[in-house]
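> fold the stuff below for me.
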Amino acid sequence: MGLPRFFPSLKHRVFDYKPIYYNEQKEELENRIRQAEQGKNTVGEKTHFHTSITRGSMRGYIKEAKKRTSQKSNLRLVIILILLVAFAIYLFLL
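Next comes the predicted model:
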């Protein structure tokens, strides 16, 4: 007979990981087939809108988002500095 435990023994955790595989040739073939079925013949054209998520598609979005936030913070800093300088000049002239 064992001693009673206040907490149950921990079980091992099971993860249900399914890796995502990306095959660029297969993706292009499916796009061509879809366009041919719709009656479009756009082999050499590039589109700006992608309906599927592909590997590496978030990199450009994140890079642009960082650039926009950096520009906003720089603009905010310049505005604050201008206001502080104007306030200092106002106090100096009193």
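
> can you give me the buried ones in the lengthiest helix in the chain?
When the chain is scanned for its longest helix (criterion: DSSP state H), the result is helix 57-93. When burial is assessed from 16 or more other C-beta atoms under 10 Å, helix 57-93 yields no buried residues. For every residue, glycine as well, the C-beta is placed using N, CA and C.

> other SSEs contacting it?
The contact analysis (3 or more C-beta pairs under 8 Å, 6 or more residues apart in numbering; DSSP states H and E) places helix 57-93 against no helix or strand.

> now find how far off-centre that helix is within its chain.
Helix 57-93 has its C-alpha centroid displaced from the chain centroid by 23 Å (C-alpha atoms, centre = their mean, to the nearest Å).

> could you do stretch 54-65 as well?
With C-alpha atoms, centre = their mean, you get 5 Å for stretch 54-65.

> which regions of this structure sit below the pLDDT cut-off?
By pLDDT under 70, the low-scoring segments of the chain are 1-3, 40-53.

> Q35 and N23, how far apart?
According to C-beta to C-beta, to the nearest Å, Q35 and N23 sit 18 Å apart.
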